[in-house]
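Colleague: The following block contains a protein sequence and its predicted model.
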Amino acid sequence: MVPGRVARTTGRHGGGRRAAGGTSGGRRRRAARRRGDRGGLRVRDVGLVAAGQVRLRHLRLGPRRPAQPVSLCPLAPPQDLSNKVLLNAVRAFSPPLLLRLGGSLQDKVMYGYGAGRPCAPFVRNASEMHGFSQGCLPLRRWDDLNAFFRRSGAKVVFGLNALNGRVPLPDGSMGGPWDYTNAASLIRYTANKGYRIHGWELGNELSGTGVGARVGADQYAADVIALKALVDDVYRSEPSKPLVVAPGGFFDQAWFTELVVKTGPDLLSVVTHHVYNLGPGRDTHLIDKILDPSTLDGMVSTFSDLQRLLKSTGTSAVAWVGEAGGAYNSGRHLVTDAFVFSFWFLDQLGMAARFDTKSYCRQSLVGGNYGLLNTTTFQPNPDYYSALLWHRLMGTKVLAVTFSGTNKIRAYAHCARDSPGITLLLINLSGNATARVSVTAQGAAAAHAHRHRHDARKHGGGRKFRHVHVPGFAGGGEAAAGAVRHEYHLTPKDGDLTSQVVMLNGRALATDAAGNIPALEAVEVDAARPIAVTPYSIVFARVPHFSAPACRVDR
């Protein structure tokens, strides 16, 4: 338990629960040794990236399928949309959570034909793309889903079938224009029923070399233009129209550039790409990858290349991560649905925000071995609580951060959400060293800190995590006197990285008997003390008195 007074946020208390632990690679525990190693975190008031909200989720609406390069979100059989835990889990994100409906089989889905025509479900067929026949979404099921979206307050991005009407070409791609007749009927039905759709996304993983199928960028751009015209026509009397989103695939520099250029500067609303950078879920070294800083840094080039592309082309489109499960083929049980995966997930959120990503779609809300919620009970897995803390604590302005110690500490800083000051995210990938992190601002305070580091080395201070003295907050010594900060320490139950129970400041998080999401309570700590980040742990620290000009409410 982290010492200090409790500061309650929102929600209700819930009882603890114990889930199965252990993987084929054995059980991992935190090392008992606790060194007094120290590190310095320098926050610079230069980052104004309007990103960082965990706004998008991938809603899985059916069973798992056989292994494929990416996961599947089939539309039947249905999930229990009346389940209280599911409903409360979505409601807990306010402002509203965005739910993306789509996945591998979305390009094989037709939409309810009406009276007299059968609306058949998917049927397994090994000779078909992704191992399934074409399937149909009944309009009554679409009605049920929209009733759930209304009750939960969720916003929705719906993935449309982009392969309808195409034919195979000699080069292996799918050619010909998109036949949007059936998609148009769904869009018109949706608008006529008054269902609010935040965005319509065209296709799934058809970019570049594709997954299962691919479409050339020139043809895809023409199809996006057709979708935009359709949306403008259907919603012509609406003051606010749904977003046009594409392509929902893996980033390919040349292909994405051609798409953005040929759709023009103002037509495409959002450019989406997918992230599965950890390889297959069956990899027995998956935990080692998650804890490896160089593996985590491997996505930097993709985020930076996409950011540069959008800036250089002058498009008004923004970047989203449209789907991210980390490890494909449905992830790995007791890894991607356990505490250890929060190291990857939260690092991804911090990194994506740094490069101007506006929303991040985690695969999945329900389904596979990487769901935020358990596939049968809907009880939240550890990453759900990580996402909820991010959503509530990290604002939309991103601050530049320099950590002066080891690369085993991952550090991110944002303006605090809906409150003064900043929020820090600190991730300790080390299993045997506690980092004691102090925070300073750029400028005179940073210069003072630099001198302190030099003196420490001169006097034999060779710690792995070097200490940076905090001469005072950026707001001045008066603000620091008697000031407190709010800390949220996340650790696995019993120190087991493969546990599906996460501890917040020493208390197990779980829903109560009524299905309510528990309170996420901080501890108040003397702001003059360093932040202690224990081995294999994650800390959110809200520092109300840290004054960063970028965080001023009048900016």
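Modeller: Thanks, I have it.
Colleague: For the rest of this, base every contact and every neighbour count on C-alpha atoms.
Modeller: Will do.
Colleague: what is the mean pLDDT for whichever helix in the chain runs longest?
Modeller: As assigned by DSSP state H, the longest helix anywhere in the chain is helix 217-234. Per-region confidence: helix 217-234 scores 99 on mean pLDDT.
Colleague: for that helix, packing partners?
Modeller: Judged by 3 or more Cα pairs under 8 Å, 6 or more residues apart in numbering; DSSP states H and E, helix 217-234 is in contact with helix 181-192, strand 243-249, helix 253-263.
Colleague: how about low-confidence regions in the chain?
Modeller: 1-78, 113-116, 442-480, 554-555 (pLDDT under 70).
Colleague: For this structure, which segments count as helices?
Modeller: 84-91, 139-152, 181-192, 217-234, 253-263, 286-290, 293-297, 300-313, 341-354, 382-393, 444-458, 477-480.
Colleague: So which of those helices has the densest surroundings on average?
Modeller: Highest mean neighbour count of the helices of the chain: helix 341-354, a mean of 23 (counted as mean count of other Cα atoms under 10 Å).
Colleague: quick one: the closest residue in space to Thr295 that isn't next to it in sequence and Ala387, what's the gap?
Modeller: In this structure, Thr295 finds its nearest non-sequential neighbour in Lys289, 6.0 Å apart by Cα to Cα, 6 or more residues apart in numbering. In this structure, Lys289 and Ala387 are 21 Å apart, going by Cα to Cα, to the nearest Å.
Colleague: Pipe the helices and strands packed on helix 217-234 into TSV and attach distance to Phe343 per row.
Modeller: Listed next are those as TSV, based on distance: least, Cα to Cα, whole Å:
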stretch	distance to Phe343
helix 181-192	39
strand 243-249	24
helix 253-263	28
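Colleague: hmm, back to that, could you export the helices of the chain as JSON lines, including distance to Ala508?
Modeller: Output for the helices of the chain, formatted as JSON lines (distance: least, Cα to Cα, whole Å):
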{"stretch": "helix 84-91", "distance to Ala508": "17"}
{"stretch": "helix 139-152", "distance to Ala508": "25"}
{"stretch": "helix 181-192", "distance to Ala508": "42"}
{"stretch": "helix 217-234", "distance to Ala508": "46"}
{"stretch": "helix 253-263", "distance to Ala508": "44"}
{"stretch": "helix 286-290", "distance to Ala508": "22"}
{"stretch": "helix 293-297", "distance to Ala508": "27"}
{"stretch": "helix 300-313", "distance to Ala508": "33"}
{"stretch": "helix 341-354", "distance to Ala508": "16"}
{"stretch": "helix 382-393", "distance to Ala508": "10"}
{"stretch": "helix 444-458", "distance to Ala508": "37"}
{"stretch": "helix 477-480", "distance to Ala508": "32"}
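Colleague: Select, out of the helices and strands packed on helix 217-234, the one closest to Ala338.
Modeller: strand 243-249 (26.2 Å; Cα to Cα).
Colleague: Which elements pack onto that closest one?
Modeller: strand 199-202, helix 217-234, strand 270-275.
Colleague: Counting by contacts, list what the first one packs against.
Modeller: Counting contacts by 3+ Cα pairs under 8 Å, 6+ apart, the secondary-structure elements packed against strand 199-202 are strand 155-160, strand 243-249.
Colleague: is it true that Gly326 touches Tyr276?
Modeller: Yes: using Cα atoms under 8 Å, Gly326 is in contact with Tyr276, at 4.1 Å.
Colleague: More neighbours: which of those two?
Modeller: More neighbours surround Gly326 than the other of Gly326 and Tyr276, with 27 against 20 (other Cα atoms under 10 Å).
Colleague: buried residues in stretch 166-184?
Modeller: 173-180, 182-184 (16 or more other Cα atoms under 10 Å).
Colleague: Just give me how far stretch 80-95 sits from the chain centre.
Modeller: Centre-to-centre, stretch 80-95 and its host chain are 18 Å apart (Cα atoms, centre = their mean, to the nearest Å).
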